[in-house]
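J.: Give the three-dimensional model of this entry:
(chains A and B)
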Amino acid sequence: MNFFEVIRFSLRGLSANKLRSALTMLGILIGVAAVILLVAVGNGSAKAISDRIEALGTNTITVMSTGRGGSSSTSLTKDMADALIDEEMAPDVKSVSPVVSSSATMTYEGTDHSVGTFVGTTPAWFTASTTPVGRGSAFTDDDVAQGRRVVVIGKTVAEELFPGVDPLDKQVTVGGALFTIVGVLEDKSSTGFDDANDRAVAPLTAVQQVLTGYGALTSIVVEAADPDKVDAVQGQVSTILNQKLDVDSSSTSTPYRIQNASSLLETQSETAATFTTLLGAVAAISLLVGGIGITNIMLVTVTERTREIGIRKALGAPRRVILTQFLIEASLLSVLGGALGVAAALIGSQFAIVGVKPVIVPSSIGYALGVSIAIGLFFGGLPAARAARLRPIDALRYE
Amino acid sequence: MSRPVLQVTDLKKIYGQGEATVHALRGVSLTVERGDYLAIMGSSGSGKSTLMNILGALDIPSSGQYLLDGVDVSRLSDGQLALARNRLIGFIFQAFNLIPRTSAVANVELPLAYAGVKPKERRRRAMAALEVVGLADRAGHEPNQLSGGQQQRVAVARALVTEPALLLADEPTGNLDSKSTDDVLQVFDDLSAAGRTIVIITHEREVGDRAKRLIRLVDGGIVTDTRQSPLHLPPVGAAPVAQGRAMVAGRHTR
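T.: Alright, predicted model coming up:
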């Protein structure tokens, strides 16, 4: 009796009990798909968080003043921002954007909108803060130098003031002055409660002239040449600022604070790691539960057929042939069920689950598939081996 | 004279231990010649089923010798036992024991498949065996689409398809009505007339009467051993009307 014949026997055995075969495969399918999807959802939510943090700009640092009351000795000035562009002392700095910001009310043809953040800065800010201009264009260095009243508005502002109208080249009133809209920012995902799209960006000089006055800067955004150089840049910036602000090098407190997006990212990845561990544990438990399900159905399937094994033995089937037949049946069920489970998980991962876009972890496919197939084979093969060893009469009497 | 198909000497079978010991067989000795048609009768618990399972190599005796076609069965390995069950013995069960949800012809083919016969030859021989039991037109039916008598005849076809030296039937008519019983017994008569060696277990008088030789078993021992008709002649039940089918059986199986 050759191997091919045994395979035909197995296929006949499976098709003779279509419902049971289908249910067994369904059990394996659900086990495998659940594990893969669970890990994918966890991975997806971790990735979503890190994407949002990366959207803040990972290779920038933000210098903010901690001084209160605008005392001139501790506030950041345009002068300091200019000092940071220094080939000698700060070689890793790519760009420096001084920022002033305030809130302001924008008016267009009688419609008011209170803009969340009205930012005055230089063109470098757009790349440094990863806030690209979607339509129209950003303002230029020349605009900053001339103090031209041009403005780039966020999506929310555009929708509020210009419903169904192209906002480009329209003139709006801010703080009694006319600003011309030159561009609209690209849609940006919000990082917190603030709407990142509810903002307007204008040249630093124009905003200082119209809104904030020529006093202190709100912050300075410094862009590093490379994400790996962020820490170096942070050191260089603090050295220069300490010099400018006459801070004693031994002093522990500085009048400014440096916010580093990469340190935020680091905290986040630690959180994500914990999260992944947690999900891994959940996945392992579901794999265990799924495995017990597979064990159950395999044991039942084979035990139920002990009598059939007895008949086959009485007809002269050698133990090896019976064992091979049942092993092939078990592996076909496990492999097919597992493959369908992977397919189901891949299809399921195309849809957002409770607001999270799942991201498949390739190794989870291997683990889920491997464990289910191993369990299927073991618990399909073991009782079959036991039944095949029975004397035919005992197998026949088995109820 | 050729060597006997079956020869058992002082066969004993003991179940359980200590207080619960049951002596199912207390030293049975028996020789069955080629071409004989032997019926073993006995009441429930007389040990006839135990004897049958041992004769069919489905069970092993506690002691005693069992020669099947001159081969000592107790010395066979598991693989050789499988071979002996496949080639030398055709076993017919009271409960039919067809593989469920599998067509009649596939059931009959099964022993041939284990014997390594090629699919085409297998199909031909299985159909021939179904022809012998008069069920060639039901070849594609699954067991649950057949009546009890038909299922038992499929089982008979399955038992004789490998042309075994010995046909063993354990209460083949126990689950059948009288009409089906007649059908199945007619098949046995025809097979016997065609020269098959048959051992049949029964507790029904009319089944025992048709055999050439009758053994009565009481409490695990043989009490009577009667020859009812000569060894070399067709059995009494093989009526002339059945002669046609006997001829068919003879042509297909020998």
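J.: Now the element after the helix or strand where residue A:282 lies, going C-ward?
T.: Per DSSP states H and E: residue A:282 is located in helix A:261-304. Using DSSP H and E, the next helix or strand after helix A:261-304 towards the C-terminus is helix A:306-314.
J.: hmm, back to that, tell me how far the helix holding residue A:282 lies from the chain's centre.
T.: 19 Å (CA atoms, centre = their mean, to the nearest Å).
J.: Does that helix reach chain B?
T.: No. Helix A:261-304 lies out of reach of chain B by CB under 8 Å from any CB of the partner chain, never closer than 10.7 Å. Any C-beta I mention is one placed from the backbone N, CA and C, and that applies to glycine too.
J.: In chain B, which residue sits closest to chain A?
T.: Residue nearest to chain A within chain B (CB to the nearest CB): residue B:86, separated by 2.3 Å.
J.: So for that residue, what's the nearest residue that isn't a sequence neighbour?
T.: Once flanking residues are discounted, residue B:86 sits nearest to residue A:316: 2.3 Å by CB to CB, 6 or more residues apart in numbering or on different chains.
J.: Nearest residue to the middle of the chain?
T.: You didn't say which chain, so I picked chain A. In chain A, the centroid-proximal residue (CA atoms, centre = their mean) is residue A:47; its distance is 1.7 Å.
J.: nope, chain B please
T.: Short answer for chain B (CA atoms, centre = their mean): residue B:168, at 1.8 Å.
J.: Help me confirm that that one is found in a helix?
T.: No. Counting by DSSP: H, G, I helix; E, B strand; the rest coil, residue B:168 is located in no helix; its state is strand.
J.: Residue A:314 versus that one, what's the distance?
T.: 10 Å (CB to CB, to the nearest Å).
J.: Would you mind giving the secondary structure of the residue nearest to residue B:86?
T.: coil.
J.: just residue A:79 next, same as before
T.: Residue A:79 ends up helix, using three-state DSSP.
J.: give me every residue that touches it.
T.: residue A:244 (CB atoms under 8 Å, 6 or more residues apart in numbering or on different chains).
J.: and it, what pLDDT?
T.: We note a pLDDT of 82 for residue A:79 in this prediction.
J.: Next: residue B:144.
T.: 92.
J.: Report how many residues lie close to it.
T.: By other CB atoms under 10 Å in any protein chain shown, 9 other residues sit near residue B:144.
J.: Quick check: it is in a strand.
T.: No. Applying three-state DSSP, one finds residue B:144 to be helix, outside a strand.
J.: Contact partners for the residue lying closest to it once chain neighbours are set aside?
T.: Closest residue to residue B:144 apart from its sequence neighbours, by CB to CB, 6+ apart: residue B:100 at 7.1 Å. Applying CB under 8 Å, 6+ apart, we find residue B:100 in contact with A:16, A:308, B:142, B:143, B:144.
J.: Chain B versus the nearest residue to residue A:20 once chain neighbours are set aside, what's the distance?
T.: When the adjacent residues along the chain are set aside, residue A:20 lies closest to residue A:301, with 6.3 Å between them (CB to CB, 6+ apart). Computed as CB to the nearest CB, to the nearest Å, the residue A:301 to chain B distance reads 14 Å.
J.: Residue A:301: how many residues sit nearby?
T.: Neighbours of residue A:301 using other CB under 10 Å come to 23.
J.: isn't it right up against residue A:380?
T.: Yes. At 7.3 Å, residue A:301 counts as touching residue A:380 under the criterion of CB atoms under 8 Å.
J.: ok but the residue nearest to residue B:144 is inside a strand, no?
T.: No. Assessed with three-state DSSP, residue B:100 is coil; it does not lie in a strand.
J.: Now do it, the pLDDT please.
T.: 86.
J.: how close does it get to residue A:302?
T.: 15 Å.
J.: Can you give me every residue that contacts the closest residue to residue B:62 other than its chain neighbours?
T.: Spatial nearest neighbour of residue B:62, chain neighbours left out: residue B:14 (4.6 Å); criterion: CB to CB, 6+ apart. By CB under 8 Å, 6+ apart, the contact set of residue B:14 is B:21, B:22, B:23, B:24, B:62.
J.: Report the beta-bridge partners for residue B:14.
T.: Judged by DSSP bridges, the bridge partners of residue B:14 are residue B:23.
J.: Now the strand or helix carrying residue A:379: average pLDDT?
T.: Applying DSSP H and E as the criterion places residue A:379 in helix A:362-389. Averaging pLDDT along helix A:362-389 gives 85.
J.: Output the contacting helices and strands for that helix.
T.: Secondary-structure packing of helix A:362-389 (3 or more CB pairs under 8 Å, 6 or more residues apart in numbering or on different chains; DSSP states H and E): helix A:18-55, helix A:261-304, helix A:306-314, helix A:319-348.
J.: same for the first one, what does it pack against?
T.: With contacts defined as 3+ CB pairs under 8 Å, 6+ apart, the secondary structure elements packing on helix A:18-55 are helix A:261-304, helix A:319-348, helix A:362-389.
J.: So residue B:106 sits against residue A:15, correct?
T.: No. Using CB under 8 Å, residue B:106 is not in contact with residue A:15; the gap is 11.6 Å.
J.: out of the two, which sits in the busier spot?
T.: Comparing residue B:106 with residue A:15 by other CB under 10 Å, the one with more neighbours is residue B:106, at 21 against 11.
J.: For burial, what's the neighbour tally of the closest residue to chain B within the stretch 51-200 of chain A?
T.: Nearest residue of the stretch 51-200 of chain A to chain B: residue A:51, at 54.4 Å (CB to the nearest CB). For residue A:51, the count of nearby residues is 10 (other CB under 10 Å).
J.: measure it to residue A:133 for me?
T.: 21 Å.
J.: So which bits of the stretch 1-150 of chain B are right by chain A?
T.: B:53, B:56, B:58-60, B:78-79, B:82-87, B:91, B:93, B:97-102, B:106, B:110-111, B:113-116.
J.: Roughly how far does residue A:322 sit from chain B?
T.: 9 Å.
J.: wait, that residue sits on residue A:384?
T.: Yes. Residue A:322 is within contact range of residue A:384, at 7.1 Å (criterion: CB under 8 Å).
J.: got any residues that touch both of the two?
T.: Joint contacts of residue A:322 and residue A:384 (CB under 8 Å, 6+ apart) are residue A:309.
J.: model confidence over the lengthiest helix in chain B, on average?
T.: Criterion DSSP state H: the longest helix present in chain B is helix B:178-193. On average, the pLDDT along helix B:178-193 is 88.
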